[in-house]
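Chemist: Build me a structure from this.
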Amino acid sequence: MTEASQHNETDELVRSDDPLHPANHISDLCRRFHTLGWVTGTGGGVSIRHGDHIYLAPSGVQKEMMQPTDMFVMDYETKEYLRRPKVLKPSACTPLFLAAYTHRNAGCCIHTHSQWAVLITLICESGLQKPSERNVFSIKEIEQIKGISRGGSGSDEVAEGGRKLGNLGYHDTMMIPIIENTAHEEDLKDTLQKAIEEWPETCAVLVKRHGVYVWGKDVAQAKTQAESLDYLFQLAVEMHKLGLKWVS
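Modeler: Numbering: from 1, shown residues only. Reported below is the predicted structural model:
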């Protein structure tokens, strides 16, 4: 097979008229997330598991300019790349996305550099909210907590009254673990994986002075939880400025 025919064959993995095809969906999400300040300056990333394939946004690119043909595609079982754009680098987030797929059976993982997420880690690090809990963000009795599923990819079964059985309730305390940052993103894998194992009900892991990783059973759930968490992070920062406690 010639190099040109190999290129055309792998292009079939990322070419589709379906807006929800992973290559198109990731491009669209990155443009949306750029407007929120989540993927500023090429930071952050998105990955979608689609059947036996994992689609990954590349590293070091302007996320709002991304095209479907920029995507890397990996075989889920072998973890080998089926498609590698020559002029781009694989995402340094890849080992962390894989941790969510293998340990939580996630279908989508989102990594943001949200300022609100970073500020939450700084407030927790300072011990100004709860000195005994510097490595976890806890908040309760805020309505938006109900948008968070247990474990991040829990059931969407709906009970009488519209309550999702797999989600946290208003009176539950939402707890998101915080891990230390590293000089190189791929070196976060072991500590993120450990946090996933030690916090079975978390849907996300905060990285100190860096950002947050959020996952869900599919794109819709991961996006919903990323948005809900960012709302809660911002609200918590404002509460802190007013001298209000996140958990009384």
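Chemist: How is the chain divided into domains?
Modeler: Following automatic domain parsing, one gets these domains for the chain: 1-91, 114-248.
Chemist: Average the pLDDT values over the last one and round to the nearest integer.
Modeler: When pLDDT is averaged along domain 114-248, the result is 92.
Chemist: can you tell me the distance between the two ends of it?
Modeler: Its first and final residues considered, domain 114-248 spans 26 Å by Cα to Cα, to the nearest Å.
Chemist: What of stretch 208-227?
Modeler: With Cα to Cα applied, stretch 208-227 spans 19 Å between its terminal residues.
Chemist: tell me, which helix in this structure spans the most residues?
Modeler: Secondary structure of the chain per DSSP state H: the longest helix is helix 219-241.
Chemist: Who are the packing partners of that helix?
Modeler: Using 3 or more Cβ pairs under 8 Å, 6 or more residues apart in numbering; DSSP states H and E, the elements in contact with helix 219-241 are helix 22-35, strand 108-112, helix 115-126, strand 136-140, strand 204-207, strand 211-216. Bear in mind the C-beta positions are built from the backbone N, C-alpha and C, glycine included.
Chemist: Distance to G51 and mean neighbour count for those - can I get that in TSV?
Modeler: Conversion of the helices and strands packed on helix 219-241 to TSV gives the following (distance: least, Cβ to Cβ, whole Å; neighbours: other Cβ atoms under 10 Å):
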stretch	distance to G51	mean neighbour count
helix 22-35	10	20
strand 108-112	13	30
helix 115-126	30	20
strand 136-140	34	19
strand 204-207	25	27
strand 211-216	17	28
